[in-house]
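1. Just a sequence and a predicted model for now, questions to come.
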Amino acid sequence: QVQLVESGGGLVQAGGSLRLSCAASRRTFSTYAMGWFRQAPGKERDIVAAISWRGGNTYYADSVKGRFTISRDNAKNTVYLQMNSLKPEDTAVYYCAATGGPISTISYDYDYWGQGTQVTVSS
């Protein structure tokens, strides 16, 4: 079992930045590929970014390429999502997730989920 706890969400003006963190409970965190997803009201949960267990492979949704950066610190059991140049359409609940398989963009591949953190971008 892996417990994931997100933090760092909040209210920010358009063009601003936020850094989300996701802390994992297990020392075996380094063996899990990690993903960040988001869900806006009335919409499906979509992939934002993902990172392989060593950090060598990353994936970004087209909507965030060049603005968001996913990274991980396996010594701290933490994955990050640096979000720059935020837009109102980035407003959503952001979730981190862990999979024991390879890096994936599909939510069903993920075994463990955090509780989510709200990001609100005002125009």
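-> Looks like it came in fine.
2. Which residues does the residue nearest the centre of the chain form beta bridges with?
-> By C-alpha atoms, centre = their mean, the chain has its centre lying nearest to residue 36, at 2.3 Å. Judged by DSSP bridges, the bridge partners of residue 36 are residue 49, residue 96.
3. And the strands in this structure, which stretches?
-> Under the criterion DSSP state E, the chain carries strands at the ranges 4-7, 10-13, 18-24, 33-39, 46-51, 58-60, 68-73, 78-83, 92-99, 112-113, 117-122.
4. quick one on the thing from earlier: quick one, grab the pLDDT at the residue nearest to the centre of the chain.
-> Here, the pLDDT recorded for residue 36 equals 98.
5. ditto for residue 47
-> So, for residue 47, pLDDT stands at 98.
6. Touching, it and residue 37? I think so.
-> Yes - in this structure, residue 47 is within contact of residue 37 by C-beta atoms under 8 Å, at 5.6 Å. Where C-beta positions appear, they are placed from N, C-alpha and C, glycine not excepted.
7. And these two? Which one has more around it.
-> Taking neighbours as other C-beta atoms under 10 Å, residue 47 and residue 37 compare with residue 37 leading, 24 against 19.
8. How about residues contacting stretch 77-88?
-> 12, 14-27, 29-30, 34, 36, 48-49, 51, 64, 67-73, 90, 94, 96, 119, 121-123 (C-beta atoms under 8 Å, 6 or more residues apart in numbering).
9. quick one: average pLDDT of that stretch?
-> Averaging pLDDT along stretch 77-88 gives 97.
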